[in-house]
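Asker: with the sequence up front, the predicted model follows.
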Amino acid sequence: MNTMNYKGFIAKIEYDPEINRLFGTVINSAPHTFYGESVDELQREMANTIEEYLKICAEKKQAPRKTYSGKLHLRIDPALHTQAAIEAAKTGQSINSWIADAIERAMGA
């Protein structure tokens, strides 16, 4: 996945062949979409989009939403839940800590 970053906001970058343009969708806040015909234009449009969002947030006296709470509710197969609990117990960890470690390993952290 191709991404762009502006002030901590991350956008997934894609190409739309129907309109022959690149577009980005911010993935770590309220969804914002922007378009451009080149990478430079896409970067400018992302900056403009985020700056407008920040301006609106300031006018409304609202904090921009760009972080997650740290709470993640999973729905998984009961057998997988059981196996995760067993693996966590083997390492002396809570299921939450074990899953967090597994996510970090999967992301190469």
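Answerer: Cool, the structure landed.

Asker: from residue 69, how far out is residue 88?
Answerer: Per CB to CB, to the nearest Å, residue 88 is found 22 Å from residue 69. All C-beta spots, glycine's among them, are computed from the backbone N, C-alpha and C.

Asker: between the two, which one's more packed in?
Answerer: residue 88 (18 against 5; other CB atoms under 10 Å).

Asker: tell me the domain ranges of this protein?
Answerer: With domains defined by automatic domain parsing, the chain comprises 2-59, 68-109.

Asker: which of those sits most buried?
Answerer: Most buried of those, by mean neighbour count (mean count of other CB atoms under 10 Å): domain 2-59, with a mean of 14.

Asker: now that one: how far from the chain's centre is it?
Answerer: Offset of domain 2-59 from its chain centre (CA atoms, centre = their mean, to the nearest Å): 13 Å.

Asker: same question for stretch 97-107.
Answerer: Its chain's average C-alpha position is 16 Å from that of stretch 97-107, according to CA atoms, centre = their mean.

Asker: same check, this time on stretch 74-94
Answerer: 25 Å.

Asker: ok, and what's touching it?
Answerer: Stretch 74-94 is contacted from outside by 95, 97-99, 101, using CB atoms under 8 Å, 6 or more residues apart in numbering.

Asker: and stretch 28-42, by the same measure?
Answerer: Contacts for stretch 28-42 (CB under 8 Å, 6+ apart): 4, 8-11, 13, 19-26, 43-46, 48-50, 53, 64-68.

Asker: can you tell me the closest non-neighbouring residue to residue 1?
Answerer: residue 12 (5.8 Å; CB to CB, 6 or more residues apart in numbering).

Asker: ok, for residue 13, nearest residue in space, not its chain neighbours?
Answerer: residue 2 (4.2 Å).
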